[in-house]
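S.K.: Okay, predicted coordinates and the sequence, questions at the end:
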There are 2 protein chains.
Amino acid sequence: MKNRNLIGNLRSQVGNYVNIAGWVDKLRDQKRMQFLILRDHTGYVQTTNFKDGKSLEGVVSSLSPDTTVFAGGNLVENQQVKLNGYEIQLDYVDVQSRPEGPLPITQGSNIDNRLDWRYIDLRDHKKHLIFRIQTTAEHAMREFWLQNGFTEIHSPKLVEGASESGAELFKLDYFGQEASLAQSPQFYKQMAMAAGFDRVFEIGPVFRANPSFTSRHDTEFTSIDMEISWIKSHEDVMELEENWINYFLSKVATKHGEEIKKIYGLETKVPKVPFPRVTMDEAYKILDSEGYQVPREQKGDLDPEGERRLAKYIKDNFDHDFVFVTEYPSKARPFYHMRFEDRPETTKSFDLIWKGLEVTTGAQREHRYNKLLNQIHEKGTDPNSIASYVNFFRYGCPPHGGLGFGLTRMLINLTGLNNVREVTFVYRRPNRLNP
Amino acid sequence: MKNRNLIGNLRSQVGNYVNIAGWVDKLRDQKRMQFLILRDHTGYVQTTNFKDGKSLEGVVSSLSPDTTVFAGGNLVENQQVKLNGYEIQLDYVDVQSRPEGPLPITQGSNIDNRLDWRYIDLRDHKKHLIFRIQTTAEHAMREFWLQNGFTEIHSPKLVEGASESGAELFKLDYFGQEASLAQSPQFYKQMAMAAGFDRVFEIGPVFRANPSFTSRHDTEFTSIDMEISWIKSHEDVMELEENWINYFLSKVATKHGEEIKKIYGLETKVPKVPFPRVTMDEAYKILDSEGYQVPREQKGDLDPEGERRLAKYIKDNFDHDFVFVTEYPSKARPFYHMRFEDRPETTKSFDLIWKGLEVTTGAQREHRYNKLLNQIHEKGTDPNSIASYVNFFRYGCPPHGGLGFGLTRMLINLTGLNNVREVTFVYRRPNRLNP
């Protein structure tokens, strides 16, 4: 619709004839006047029609909420209109589709009903905002990558055997052969390093056959991944990440900060660079001093409660929402994390914790074929089960490292919506393949 | 590596001490001098070392092609050096990894061997260029979308039943339920329209269990999709697409045009807007007049040879590389394409042909619940098999339309590499799940 006026931009059109497209929000069909509130994704506007017995009156009378229409008329100032102080004097309404009855859910319905009718649930401006934030953030991420010489890759999701660990794999028949769905692009972004691509990024789906039903788990989600060559240590990767986050959060703050504040009551803070860093040893000491014992089964990792308490300590002492925890023990990290030459029990790795939520795991990778083979054996993995990965390191590979970043966790932190189901466009868990 | 100089940028550093990182390309170990050519993703440079019996001499002697190194030294002008006219007088070489032997493939190896060792195959600058073009094109596409109010979505790839047709589906066990892999984001981008998202885009993987082995087929590829609301006809969608293509091709031409010309011998033409349009009836008449009969089994569609001949006709008569073919017969199009009210045998649809290759199918969609149900029945599909899709149209939906665009076909047209296997990062077909 070429001459369409977005409802959110009408203020500048007062005095003009305007054409809008949108949804019926409410109709008050009074004795002499019809008041019709229409909405599109940018706002609401009041439209009015004097009852004069002509055909438009009948059309307006027939409208029910969520009918879709094209409409037009003169946009006039009217201080009595609480909504915006202007209204459209209807000239025409062209109905495009009508709902078959009252909507099956309301914004107050329970989340499972809302997810069954996700497209109706998402008609709320507050929810569209989540995906407008997503759009702005991802675009800014890519701007940063392009400015820094990265190449975009699309790695295969259909893979042979396991992509990283044997657990939680979706398997399928691939022309008589067994295939599985990639749990991460880890192996392929490393392949790009061995291919001399220097720096790569990918935003794409990953799959985990995880039977959990928590507010943090899903079976399919969007992973944000990057990998860079010629690093000296994991510190280079952390420096990249903090600058990248600073860049895209400043874009989000500029574009949506005010609206996020209004709708979700949260400040969009642009974090200062560098972010605080603590080694895992220091993290344990801090938690000790705060009187918290990380459960033994964590084996040198942190548990979610430990992450929250550490984040609070950093916030209280350094006024920062982010903290890098570095130097995880080798026993808590996968075989491909590089270890210190003089301390093989410790990896050149890190997690990033943002407002108490782990949003990144990163590391320098082991790029030396023989060392990698040793680490694979030590973890009890059969190198033949990941033969095509192991091959990447046989004919020269740059030192490299990278990280993964969780899109939904970012959206949880930016909106305060504390459930992955609310911030995923179409959510998947074991009992949910619909819509 | 913070103080790294990219090899492609060395010209401006002549006279300075430089640090580079890269791959051994060639070594000439002569009596008095060692000449070592190093490369990174941006270029090649000659480095030299006087044989003086010190340790550096031994390090350089030990180097074989595709060893990865950090190296540094003074960059000096030397007109005798054919490569660039300058060289690095080596101060240090730090070996990062060594290949275990001669490379298993050369650039002349057959394609299946090259794909087995894809990461070595991709070390060729010519091949990295394919993915740098991809990066620039996709980023420009997204810039256009962002400038035009689009929201980015990530639709689920794990779906219940068929996503569009029952054929060529990969099926898998999903916690005891049958799931399949999405063949396109079609249904979900339409869901976003019913959700009031107004305009959306997605670049992501799609899956086709297609047993073919041709140079055009793959079982997993990257689909570029967009969908817009409040259109009056498919013409609005075509207008969007031609402006979008004009935008991103002009960015590709500016950034890579010269290099594409040099490496692939092709001009990157920015197409004039509007693109030529012919209806399917007109296309048949043109092909008739050119003496070509489209095979009967095409049922009103074009075959690849017909597309090539039509493209040639348009090129000869209108000097344009693109042509929209519009108004496909309903029998040749899926149930969700809208039909003309007064000509239900004809759809409001189009294909876009670029240099004889179909790169897009698009249409206005049928958004009216009852009409859609009729069309589903008429095609012999059971609406219950796509119940969650059909539901999207029950509670009000804007008129909308959209299109899909093939990433690999774009890369084929821009590089002249006439095989999808060459322009896909990691290729998949029935007998290839590796690497």
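M.R.: Okay, I see it. Residues are numbered from 1 along each chain as shown, chains lettered A, B, ... in the order given.
S.K.: Show me what stretch A:245-260 is in contact with.
M.R.: Stretch A:245-260 has contacts (Cβ atoms under 8 Å, 6 or more residues apart in numbering or on different chains) with A:129, A:132-133, A:136-137, A:139-141, A:143-144, A:266-273, A:322, A:414-415. In short, each C-beta sits where N, CA and C put it, glycine included.
S.K.: Out of those, which end up buried?
M.R.: A:129, A:132-133, A:136-137, A:139-141, A:143-144, A:268, A:270-271, A:322, A:414-415 (16 or more other Cβ atoms under 10 Å in any protein chain shown).
S.K.: Do you have the helices of chain A handy? List them.
M.R.: Counting by DSSP state H, chain A has helices at residues A:55-61, A:111-116, A:118-121, A:125-147, A:186-194, A:234-264, A:280-289, A:304-318, A:369-378, A:387-391, A:407-415, A:420-423.
S.K.: Go through the ones you listed and pick out the most buried.
M.R.: Of the helices of chain A, the one with the most neighbours on average (mean count of other Cβ atoms under 10 Å in any protein chain shown) is helix A:186-194, at a mean of 26.
S.K.: quick revisit: quick one: the helices of chain A as TSV, columns for distance to B:Glu297 too.
M.R.: Shown next, in TSV, are those (distance: least, Cβ to Cβ, whole Å):
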stretch	distance to B:Glu297
helix A:55-61	47
helix A:111-116	42
helix A:118-121	38
helix A:125-147	43
helix A:186-194	39
helix A:234-264	51
helix A:280-289	66
helix A:304-318	60
helix A:369-378	53
helix A:387-391	40
helix A:407-415	45
helix A:420-423	47
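S.K.: For those, give me a markdown table that also has mean pLDDT.
M.R.: As requested, the helices of chain A are arranged in a markdown table below (pLDDT from 0 to 100):
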| stretch | mean pLDDT |
| --- | --- |
| helix A:55-61 | 97 |
| helix A:111-116 | 96 |
| helix A:118-121 | 98 |
| helix A:125-147 | 98 |
| helix A:186-194 | 98 |
| helix A:234-264 | 98 |
| helix A:280-289 | 96 |
| helix A:304-318 | 97 |
| helix A:369-378 | 96 |
| helix A:387-391 | 93 |
| helix A:407-415 | 98 |
| helix A:420-423 | 97 |
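S.K.: So which of those is nearest B:Thr68?
M.R.: Closest to B:Thr68 of those, according to Cβ to Cβ: helix A:186-194, at 9.4 Å.
S.K.: Does that closest one pack against any helices or strands, and if so which?
M.R.: In terms of contacts (3 or more Cβ pairs under 8 Å, 6 or more residues apart in numbering or on different chains; DSSP states H and E), helix A:186-194 is packed against strand A:199-207, strand A:220-229, helix A:387-391, strand A:400-406, helix B:118-121.
S.K.: Kindly present those as CSV, with separate columns for distance to B:Gly291.
M.R.: CSV is the format used below for these (distance: least, Cβ to Cβ, whole Å):
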stretch, distance to B:Gly291
strand A:199-207, 47
strand A:220-229, 51
helix A:387-391, 50
strand A:400-406, 57
helix B:118-121, 42
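S.K.: Just give me the lowest mean pLDDT stretch among the ones you listed.
M.R.: Of all the helices and strands packed on helix A:186-194, the minimum mean pLDDT falls on helix A:387-391 (a mean of 93).
S.K.: So which elements touch that helix?
M.R.: On a contact count with 3+ Cβ pairs under 8 Å, 6+ apart, helix A:387-391 meets helix A:186-194, helix A:369-378.
S.K.: thinking again about what came up before, which among the helices of chain A is found nearest to B:Ser55?
M.R.: Of all these, it is helix A:369-378 that lies closest to B:Ser55, at 22.9 Å by Cβ to Cβ.
S.K.: contacts for the closest one?
M.R.: A:335-336, A:339, A:366, A:383, A:386, A:390, A:393-394, A:397, B:97, B:100.
S.K.: Please state the offset of stretch A:118-132 from the chain centre?
M.R.: 14 Å (Cα atoms, centre = their mean, to the nearest Å).
S.K.: I figured A:Ala21 was touching A:Asn3, is that so?
M.R.: No - contact criterion Cβ atoms under 8 Å: A:Ala21 and A:Asn3 do not qualify, at 10.4 Å.
S.K.: Looking at those two, which is more packed in?
M.R.: Comparing A:Ala21 with A:Asn3 by other Cβ atoms under 10 Å in any protein chain shown, the one with more neighbours is A:Ala21, at 24 against 8.
S.K.: Now do the same for the residue of the stretch 201-350 of chain A at minimum distance from chain B: its pLDDT.
M.R.: Closest approach between the stretch 201-350 of chain A and chain B, counting by Cβ to the nearest Cβ: A:Trp230, at 3.9 Å. As predicted, A:Trp230 sits at a pLDDT of 98.
S.K.: Any idea what the residue nearest to it when sequence neighbours are not counted is bridged to?
M.R.: In space, A:Trp230 comes closest to B:Ala21 once its chain neighbours are excluded; the distance is 3.9 Å by Cβ to Cβ, 6 or more residues apart in numbering or on different chains. Listed beta-bridge partners, B:Ala21: B:Phe70 (assigned using DSSP bridges).
S.K.: quick one, what contacts B:Ala21?
M.R.: So B:Ala21 contacts A:229-230, A:398, B:1, B:4, B:40, B:68-71 (Cβ under 8 Å, 6+ apart).
S.K.: ok so, going back, got JSON lines for the helices and strands packed on helix A:387-391, with distance to B:His234 too?
M.R.: Shown next, in JSON lines, are those (distance: least, Cβ to Cβ, whole Å):
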{"stretch": "helix A:186-194", "distance to B:His234": "37"}
{"stretch": "helix A:369-378", "distance to B:His234": "54"}
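S.K.: contacting residues for the spatially closest residue to A:Ile7 that is not a sequence neighbour?
M.R.: What sits nearest to A:Ile7 in space, not counting adjacent residues and going by Cβ to Cβ, 6+ apart, is A:Gly43, at 4.3 Å. Residues in contact with A:Gly43 (Cβ under 8 Å, 6+ apart) are A:6-8, A:10.
S.K.: Please apply the same query to A:Met191.
M.R.: A:Met191 is in contact with A:155, A:389, A:392, B:118-119, B:426, B:435, counting by Cβ under 8 Å, 6+ apart.
S.K.: quick one: which of the residues you listed is nearest B:Glu77?
M.R.: B:Tyr119 (35.6 Å).
S.K.: quick one: that closest one from chain A, how far?
M.R.: Going from B:Tyr119 to chain A by Cβ to the nearest Cβ, to the nearest Å gives 4 Å.
S.K.: didn't A:Arg421 look like it was pressed against A:Ser215?
M.R.: Yes - using Cβ under 8 Å, A:Arg421 makes contact with A:Ser215 at a distance of 7.2 Å.
S.K.: okay, and the common contacts of the two?
M.R.: Joint contacts of A:Arg421 and A:Ser215 (Cβ under 8 Å, 6+ apart) do not exist.
S.K.: now the contacts of B:Ala21 as a markdown table including neighbour count and distance to A:Ser330?
M.R.: As requested, the contacts of B:Ala21 are exported to a markdown table (neighbours: other Cβ atoms under 10 Å in any protein chain shown; distance: Cβ to Cβ, whole Å):
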| residue | neighbour count | distance to A:Ser330 |
| --- | --- | --- |
| A:Ser229 | 27 | 23 |
| A:Trp230 | 23 | 24 |
| A:Pro398 | 24 | 22 |
| B:Met1 | 16 | 25 |
| B:Arg4 | 17 | 29 |
| B:Asp40 | 23 | 31 |
| B:Thr68 | 27 | 24 |
| B:Val69 | 25 | 27 |
| B:Phe70 | 19 | 25 |
| B:Ala71 | 24 | 31 |
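S.K.: Distance to B:Gln79 for the residues you listed - can I get that in CSV?
M.R.: Shown next, in CSV, are these (distance: Cβ to Cβ, whole Å):
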residue, distance to B:Gln79
A:Ser229, 32
A:Trp230, 30
A:Pro398, 32
B:Met1, 30
B:Arg4, 27
B:Asp40, 24
B:Thr68, 30
B:Val69, 26
B:Phe70, 28
B:Ala71, 22
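S.K.: The residues you listed: which two are farthest apart?
M.R.: Using Cβ to Cβ, the contacts of B:Ala21 span at most 14.6 Å, a distance reached by A:Ser229 and B:Ala71.
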